[in-house]
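1. Using only what follows, build the 3D model:
(one chain, ligands or ions: 2)
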Amino acid sequence: MSTSIVDRPRTSIWPAVSMAEALAAVTDSVQPIMTKCISTGVIRPGMILAEDVLSRVTIPAVPTSVKDGYAVISSEGIRDRVVIAASTAGAPASSIIVTSGTCARVSTGAAIPAGADAVIMVEHTHVVERTKTEELKIGFSQPAKPNQDIRPAGYDMQIGQLVLEKHCVIGSAEVGILVASGQRSVQVYRKPKVCVLSTGNELVDWMTEDVSEDRIRDTNRPQLMALLNACGFKAIDGGMVGDTREHLIESIKVAFKYSNVIVMSGGVSMGEKDLVKSVLEHEFNFKIHFGRVFMKPGLPSTFATGTYESNDTRYVFALPGNPVSSWVSCQLLAVPALRKMAGHANYFQTVIKVKLAESIDLDIRPEYRRAWYTQTLPQSDEYGPYAICTAIDQPSSTLLNTKGANLLLRLPPRASIPEGMLEKGAIVDALVIGAI
Ligand SMILES: Nc1nc2c(c(=O)[nH]1)N[C@H]1C(S)=C(S)[C@@H](COP(=O)(O)OP(=O)(O)OC[C@H]3O[C@@H](n4cnc5c(N)ncnc54)[C@H](O)[C@@H]3O)O[C@H]1N2
Ligand code: MOO
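-> Ligands and ions are numbered 1, 2, ... in the order given. The predicted model follows:
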């Protein structure tokens with residue numbers, strides 16, 4: 001398909017959808033992908049459960065002592081008792097029977113012998129009779145209530161109990177719970193494979209030493225790959241693509257050999273070399289769900305789906321070339337989609353309320369401004385939390401305004417506020433995009 005430059009549309013054919021519409025289109029299109037069975041022994045933090053986990057065991061299996069002390073019959077008060085045996089953690093106590101006037105020495109976690117209904121801890125006892133090496137009779141300074149310091153069977157976990165839910169993100173706590181449940185293996189979600197590629201005739205690889213004046217280093221690819229890797233996905237390097245239909249078609253085909261998701265940047269606006277949308281629509285027969293989003297930065301952000309060489313749905317996030325635009329729109333559109341595919345139930349970034357550390361003139365578009373989180377401002381004891389913008393002006397070409405940003409301020413469009421600006425101290429929503 002080819003058209004002359006003189007015939008190109010003079011206004012975009014793509015309506016600028018709202019962010020809410022864009023997010024709905026993305027998250028409605030993607031579903032968690034396949035699952036795999038994994039041995040409990042190799043489960044790792046970051047994996048996501050694809051099934052509910054029920055306990056196969058009761059913990060403790062029998063009543064056990066909560067203290068190091070003596071298992072007694074509580075109704076016998078503080079009378080002296082003959083020590084008949086010792087029950088230690090890990091050793092069966094089945095042969096021991098505590099009867100009137102006797103007690104059994106128990107350690108924390110040891111089974112309570114039959115006949116006993118309470119434990120008196122060692123600090124509340126003294127030796128009455130002994131040999132050189134063994135306790136014969138023990139005296140008690142405090143009585144015990146029935147069931148005192150006894151952990152009943154099933155107190156910590158019961159057979160059949162739901163201990164971890166589907167979509168649970170495994171962390172160190174969950175590793176312990178899973179192992180305790182006695183399950184030998186579990187279903188987890190597979191992570192989507194995502195390929196990152198950059199488009200543009202002007203690009204040279206980031207390793208290039210001398211870059212001529214008409215060229216620029218491809219910063220989007222390493223930056224987006226780093227972002228996706230930091231979010232827990234293995235980004236595949238799809239390389240750089242020239243601005244021709246043939247080159248785009250070939251590179252997209254190669255990327256689909258290795259991945260079901262492509263995150264690409266550049267070539268989605270109104271320029272004569274901006275061919276990506278047309279290639280996806282006409283060469284691959286993909287559905288373009290949206291070709292522009294009313295947001296700053298990232299206006300020409302594009303999302304397309306379709307099939308290629310199999311019945312599996314493929315997803316393409318064709319993001320604007322401007323470096324800040326691609327980085328922000330990847331966080332806003334591609335990351336939640338990948339998180340949903342990977343099985344996360346909460347796939348959107350956490351949103352918190354922050355106070356502005358300075359006044360901001362609002363843009364005509366809803367803006368996602370880069371900012372740093374701080375509890376208090378310098379020379380101020382007023383509690384925030386505050387957001388300090390990484391720069392007052394934040395052009396979408398200036399990578400430096402992404403430096404260290406752990407918040408994206410979600411600012412309303414100018415028309416929604418009569419003054420067209422937000423004063424210092426105004427409270428706004430912020431998406432958390434890094435450790436705070
Ligand atoms: N007539 C119009 N022009 C533009 C519009 C518009 O609505 N009408 N939108 C502007 C907006 S907003 C954006 S954002 C950009 C995005 O355009 P493209 O996606 O087509 O991006 P390119 O033209 O390919 O590149 C834009 C800019 O970014 C540099 N770039 C591209 N790729 C990389 C890379 N991998 N690493 C570093 N830098 C990259 C490229 O050299 C350009 O300077 O369009 C506006 N124009
Ligand atoms: O939408 Mo563009 O990303 O502002 O420069």
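2. Next, the contact list for residue 61, please.
-> Going by CB atoms under 8 Å, 6 or more residues apart in numbering, residue 61 touches residue 153. C-beta here means a position set from N, CA and C on the backbone, and glycine is covered the same way.
3. and the chain, which residues reach ligand 1?
-> Residues of the chain lying close to ligand 1 by CB under 6 Å from any ligand atom are 198, 200, 202-203, 216, 218-221, 265-271, 274, 297, 299-300, 320-323, 325, 396.
4. The same query, at a cut-off of 5 Å, please.
-> With CB under 5 Å from any ligand atom as the criterion, the chain meets ligand 1 at residues 198, 200, 218-220, 266-270, 274, 299, 320-323, 325.
5. you'd agree residue 253 is up against residue 308?
-> Yes. Look at residue 253 against residue 308 with CB atoms under 8 Å: they come within range, at 7.4 Å.
6. how many neighbours does residue 353 have?
-> Residue 353 has 11 neighbouring residues, counting by other CB atoms under 10 Å.
7. if we can go back for a sec, narrow the residues of the chain next to ligand 1 to those in helices?
-> The members of those that map onto helices under DSSP state H are 220, 323, 325.
8. Which parts of the stretch 251-400 of the chain are strands?
-> 261-265, 287-290, 292-293, 302-307, 313-319, 351-356, 360-361, 367-374, 386-389 (DSSP state E, counting those that start in this stretch).
9. Can you tell me which of those is nearest to residue 75?
-> strand 351-356 (56.3 Å; CB to CB).
10. The closest one packs against which elements?
-> For strand 351-356, the elements it packs on are strand 386-389, strand 407-411, strand 427-432, judged by 3 or more CB pairs under 8 Å, 6 or more residues apart in numbering; DSSP states H and E.
11. and those strands as JSON lines, adding mean neighbour count, mean pLDDT and distance to residue 356?
-> Output for the helices and strands packed on strand 351-356, formatted as JSON lines (neighbours: other CB atoms under 10 Å; pLDDT from 0 to 100; distance: least, CB to CB, whole Å):
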{"stretch": "strand 386-389", "mean neighbour count": "21", "mean pLDDT": "97", "distance to residue 356": "6"}
{"stretch": "strand 407-411", "mean neighbour count": "23", "mean pLDDT": "98", "distance to residue 356": "8"}
{"stretch": "strand 427-432", "mean neighbour count": "17", "mean pLDDT": "98", "distance to residue 356": "6"}
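12. Of the ones you listed, which is nearest residue 329?
-> strand 407-411 (10.7 Å).
13. Can you check what angle separates the closest one from strand 427-432?
-> 140 degrees (axes from the mean of the first three to the mean of the last three CA atoms, to 10 degrees).
14. next SSE after strand 407-411?
-> strand 421-422 (DSSP states H and E).
15. how many other residues sit next to the closest residue in space to residue 74 that isn't next to it in sequence?
-> In this structure, residue 74 finds its nearest non-sequential neighbour in residue 118, 4.0 Å apart by CB to CB, 6 or more residues apart in numbering. Neighbourhood size, residue 118 [other CB under 10 Å]: 22.
16. before we move on, what about the one 4 residues further on?
-> Residues within reach of residue 122, counting by other CB under 10 Å, total 15.
17. Same check on residue 141?
-> Using other CB under 10 Å as the criterion, residue 141 is surrounded by 10 other residues.
18. ranges for the helices of the stretch 1-150 of the chain?
-> In the stretch 1-150 of the chain, helices defined by DSSP state H, counting those that start in this stretch lie at 19-29, listed in chain order.
19. for it, which spans come out with low pLDDT?
-> 1-3 (pLDDT under 70).
20. which residues of it fall in strands?
-> Taking DSSP E, counting those that start in this stretch as the criterion, the stretch 1-150 of the chain contains strands spanning 16-17, 35-39, 53-54, 64-65, 69-72, 81-87, 102-106, 118-121, 125-130, 135-140, 150-151.
21. Looking at those strands, which is nearest to residue 340?
-> strand 35-39 (14.4 Å).
22. tell me what the closest one is packed against?
-> strand 185-189.
23. export the strand it packs on as PDB, just CAs?
-> Only the C-alpha atoms of strand 185-189 are listed here, as PDB (Å, rounded to 0.1, in the frame of the first residue of the first chain):
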ATOM      1  CA  SER A 185       4.000 -28.500  43.300                       C
ATOM      2  CA  VAL A 186       1.800 -25.600  42.200                       C
ATOM      3  CA  GLN A 187       0.400 -23.900  39.100                       C
ATOM      4  CA  VAL A 188       1.900 -20.500  38.300                       C
ATOM      5  CA  TYR A 189       1.300 -18.100  35.400                       C
END
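24. any chance of the strands of the stretch 251-400 of the chain in CSV, plus distance to residue 70?
-> Shown next, in CSV, are the strands of the stretch 251-400 of the chain (distance: least, CB to CB, whole Å):
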stretch, distance to residue 70
strand 261-265, 63
strand 287-290, 71
strand 292-293, 71
strand 302-307, 69
strand 313-319, 65
strand 351-356, 53
strand 360-361, 69
strand 367-374, 54
strand 386-389, 58
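25. Just name the most buried of those.
-> Ranked by mean neighbour count, the strands of the stretch 251-400 of the chain are led by strand 261-265 with a mean of 28 (mean count of other CB atoms under 10 Å).
26. Then residue 248 would be within a helix, right?
-> Yes. Counting by DSSP: H, G, I helix; E, B strand; the rest coil, residue 248 is located in a helix.
27. Quick check: it touching residue 275?
-> Yes. Residue 248 lies in contact with residue 275 (CB under 8 Å); the separation is 6.0 Å.
28. what sits in contact with each of these two?
-> By CB under 8 Å, 6+ apart, the residues touching both residue 248 and residue 275 are residue 267.
29. Contacts only, for the closest residue in space to residue 83 that isn't next to it in sequence.
-> With CB to CB, 6+ apart as the criterion, residue 83 has its nearest non-adjacent residue at 4.9 Å, and that residue is residue 135. Residues in contact with residue 135 (CB under 8 Å, 6+ apart) are 83, 105, 127, 129.
30. re earlier: of all the strands of the stretch 1-150 of the chain, which one comes closest to ligand 2?
-> Comparison of the strands of the stretch 1-150 of the chain against ligand 2 by CB to the nearest ligand atom identifies strand 16-17 as nearest, at 9.9 Å.
31. and residue 83, how far is that from residue 218?
-> According to CB to CB, to the nearest Å, residue 83 stands 78 Å off from residue 218.
32. Settle it for me: which of those two has more neighbours?
-> residue 218 (24 against 19).
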